[in-house]
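Student: mind looking at a prediction? Sequence and model below.
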Amino acid sequence: MGLVLFPGDDDTSSPDVSWSYTGFKVFRRWLAQAEGFALEEMRGFGGQRTWNDLSTPLAPLLDHPDDDGPDLSPIQCAAILPRLQEIANHPQAAGTDPLLPRHIVDARQLVIVLQLCVEKDVDLLFG
């Protein structure tokens, strides 16, 4: 069982991006690291730090329940998009992280999905 992020455009041929639940957690951990913090220090991920303490456009994606909770609006997608593109196009040195190529592919696919949500003015759905 896994998680799929897709545009709420009722078009089954629209692009999507999917992970296992564990894979999505690892992907978000990588994004948080790119933003300069550890996901595990945040509320909802085992830590006590609140999301209000952070300034990152990725917060709506990082602090979202895996497959429950509100959809992300086109406005939220538009806010996430530039930073996610930057991370996908210029990943920081990852040392020996064997998952870096996979994270980059996933981030680039998510960029495509977010762009479609913005263009069509539809929500990003988690399912």
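Tutor: That came in fine, so what should we check first? All figures in this text were calculated on a predicted structure; none of them were measured in a lab.
Student: may I have the phi/psi pair for the closest residue to V17 other than its chain neighbours?
Tutor: When the adjacent residues along the chain are set aside, V17 lies closest to Q109, with 4.3 Å between them (Cβ to Cβ, 6 or more residues apart in numbering). Where you see a C-beta, it was placed from the backbone N, CA and C, and this is true even at glycine. For Q109, the backbone dihedrals (degrees, to the nearest 10) come out as phi -70, psi -40.
Student: run the chain-centre distance for the longest strand along the chain.
Tutor: Once the chain is assigned using DSSP state E, the strand that runs over the most residues is strand 2-7. Here strand 2-7 shows a centroid-to-chain-centroid distance of 11 Å under the convention Cα atoms, centre = their mean, to the nearest Å.
Student: next, the buried residues of it.
Tutor: Using 16 or more other Cβ atoms under 10 Å as the burial criterion, the residues of strand 2-7 that qualify are 3, 5-7.
Student: buried sites along whatever helix or strand comes next after that strand?
Tutor: Stepping forward along the backbone from strand 2-7, the first helix or strand reached (DSSP states H and E) is strand 17-20. Neighbour counts using 16+ other Cβ under 10 Å place 17, 19 of strand 17-20 among the buried residues.
Student: check the offset of strand 17-20 from the chain's centre.
Tutor: Computed by Cα atoms, centre = their mean, the chain-centroid distance of strand 17-20 equals 11 Å.
Student: check stretch 44-57 too.
Tutor: What separates the centre of stretch 44-57 from the centre of its chain is 15 Å, taken as Cα atoms, centre = their mean.
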